[in-house]
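*Asks:* A structural model of the following input is requested.
(one chain, ligands or ions: 2)
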Amino acid sequence: MGDRMKEIVIATKNQGKAREYAAMFAPLGIKVKTLADVKDAPEIVEDGQTFTENALKKAQTLSDFLQMPVLADDSGLVVDALNGEPGIYSARYAGDHDDDKNNEKLLANLAEVADDKRTAHFHCSVVVTSPIKDPLVVEGDAYGKILHAKRGKAGFGYDPLFFYPELGKTFAELSQDEKNEVSHRGIALRKLMTQLADWWD
Ligand SMILES: O=c1nc[nH]c2c1ncn2[C@H]1C[C@H](O)[C@@H](COP(=O)(O)OP(=O)(O)OP(=O)(O)O)O1
Ligand SMILES: [Mg+2]
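*Replies:* Numbers count the residues shown, from 1 in each chain. Ligands and ions are numbered 1, 2, ... in the order given. Sure, this is the predicted structure:
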């Protein structure tokens, strides 16, 4: 990592994501800032057709505004029995960023679906852009199953319904470090780390 890279700006309003990035960047001595720390940040409309398009738009909009490198994360839950829904619409599936309503709608739509058909994965596209360089793009996926009721209080979003078979727990039953070790976001960020220092300098 370049000597000057002590801080990274993430184009996110999601405090759950921000906590996860903060935990993963902390051991590297890198502090995380988010849209909450940026004054008069431009509005970003997530109208892409893919996670990666949306992440590119979030990052590029803010790095053009700040004239510095910016990271963005577009992520969501892809449910096989629902033809990939909610997918890129995960944040506004039922209510706009209403996790409880989103989880209720997911359970309702899966009510008739048998256990062995409740497979799903979380996807995460992470992009780093700059005003002058080609973007870095990485992705990660975590595979599991959707339960019939919530379990656990940690995490955010769909975590309480997402059962991760390898650990026999939902993502909401994992500590921050445990989740980062296996999550779509952790996988994507570890891929990014292998390229970020070269890109940054
Ligand atoms: O690890 C996760 N655990 C549980 N749920 C998750 C996770 N990762 C994404 N998700 C869900 C939450 C939200 O419903 C959507 C993300 O939507 P997404 O647009 O990427 O994020 P967002 O709008 O909350 O914040 P922002 O765009 O400002 O980064 O997928
Ligand atoms: Mg969003």
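*Asks:* CA atoms for contacts and neighbours, from now on please.
*Replies:* OK.
*Asks:* Quickly find the element holding the residue nearest the centre of the chain.
*Replies:* Closest residue to the average C-alpha location of the chain: Ser75 at 4.2 Å, with Cα atoms, centre = their mean. Here Ser75 sits within strand 70-79, counting by DSSP states H and E.
*Asks:* does that strand come close to ligand 1?
*Replies:* Yes: using Cα under 6 Å from any ligand atom, strand 70-79 comes into contact with ligand 1 via 73-77.
*Asks:* is it true that the residue nearest to the centre of the chain touches His123?
*Replies:* Yes: applying Cα atoms under 8 Å, one finds Ser75 in contact with His123, separated by 5.4 Å.
*Asks:* Identify the bridge partners of the residue nearest to the residue nearest to the centre of the chain when sequence neighbours are not counted.
*Replies:* Spatially, and ignoring its direct neighbours in sequence, Ser75 is nearest to Cys124 (4.2 Å; Cα to Cα, 6 or more residues apart in numbering). Bridge pairing for Cys124 (DSSP bridges) gives the partners Ser75, Gly140.
*Asks:* Compute the number of surrounding residues for Cys124.
*Replies:* 26 (other Cα atoms under 10 Å).
*Asks:* measure it to Ser175 for me?
*Replies:* Using Cα to Cα, to the nearest Å, one gets 19 Å for the distance from Cys124 to Ser175.
*Asks:* rewinding a little: I would like the residues contacting the next helix-or-strand element following the strand holding Ser75, please.
*Replies:* Moving toward the C-terminus from strand 70-79, the next helix or strand (DSSP H and E) is helix 99-109. Helix 99-109 is contacted by residues 82, 90-95, 148-149, 156-158, 161 when judged by Cα atoms under 8 Å, 6 or more residues apart in numbering.
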